[in-house]
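**Q** just to be clear, the model below is a prediction. Sequence and coordinates:
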Amino acid sequence: MPVEHRQARALRVLLDPLNPALALQLGLQPDIEVVRDLMARPAVALVEELTAVTALLADDPECRVLVLTGSAHPGLLDASLAAGAAGLVLRDGPVEDLADAIRRASTGETVIDPSLG
C-alpha cells in the first residue's frame, strides 16, 4: 500500500510563470505543494515580474508574493516591496533556501535574500 509522505497541511505554492524544474524541486519538500492556479488558494506565490505582484494580490489579497530574481538590480527591492511583495529571493540559489523563504513568508515575515539587501 502506498504511503503518503506529505504533511496533511502542506503549504500551497504558485509559480508564475510555471517552471517545471523548480516545481519538481519544491514538490520534493515534504511540506510544500506546488499548485497550478489561484483557485487552489496558494499561501505563497513566486513571480518573476513585478506586474504579477499587483495582479496576484488583486485576485487574492491573502496570498504572500515573493519576487524571484537572478541578481540585484538597482531599485528592485524597493519596487518589489512597494508593489506589495513579501520579499525578494534568488531564483538560482539552493532549493532549500527558497523553501525556507516560502515557509517564512507564509508566516507573515518579509523575506529578503541576504545577498540582495
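**A** Done, it's in.
**Q** now the protein, which segments are flagged as low pLDDT?
**A** Where the chain drops to pLDDT under 70, the residues are 1-8, 117.
**Q** go through it and flag its longest helix.
**A** helix 95-106 (DSSP state H).
**Q** touching that one from outside, list them.
**A** For helix 95-106, the external contacting residues (Cβ atoms under 8 Å, 6 or more residues apart in numbering) are 11, 13, 22, 25-26, 28-29, 31-32, 43-44, 46, 64, 66, 86-87, 89-90, 111, 113. All C-beta atoms are positioned from the backbone trio N, CA, C, and that covers glycine.
**Q** go again using 6 Å as the cut-off
**A** 11, 13, 25, 29, 43-44, 64, 66, 86-87, 89, 111 (Cβ atoms under 6 Å, 6 or more residues apart in numbering).
**Q** send the alpha carbons of that helix over as CSV?
**A** Extracted in CSV, the C-alpha atoms of helix 95-106 (Å, rounded to 0.1, in the frame of the first residue of the first chain):
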residue,chain,number,x,y,z
VAL,A,95,16.2,25.0,-3.3
GLU,A,96,16.4,24.6,0.5
ASP,A,97,16.9,28.3,0.9
LEU,A,98,14.0,29.0,-1.4
ALA,A,99,11.8,26.6,0.6
ASP,A,100,12.8,28.3,3.8
ALA,A,101,11.9,31.7,2.3
ILE,A,102,8.5,30.3,1.3
ARG,A,103,7.9,29.0,4.8
ARG,A,104,8.9,32.3,6.4
ALA,A,105,6.8,34.4,4.0
SER,A,106,3.8,32.2,4.8
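**Q** which helices and strands sit right next to the helix or strand that that helix is followed by?
**A** Per DSSP states H and E, the first helix or strand lying C-terminal to helix 95-106 is strand 111-112. On a contact count with 3 or more Cβ pairs under 6 Å, 6 or more residues apart in numbering; DSSP states H and E, strand 111-112 meets strand 87-90, helix 95-106.
**Q** appreciated, that's everything.
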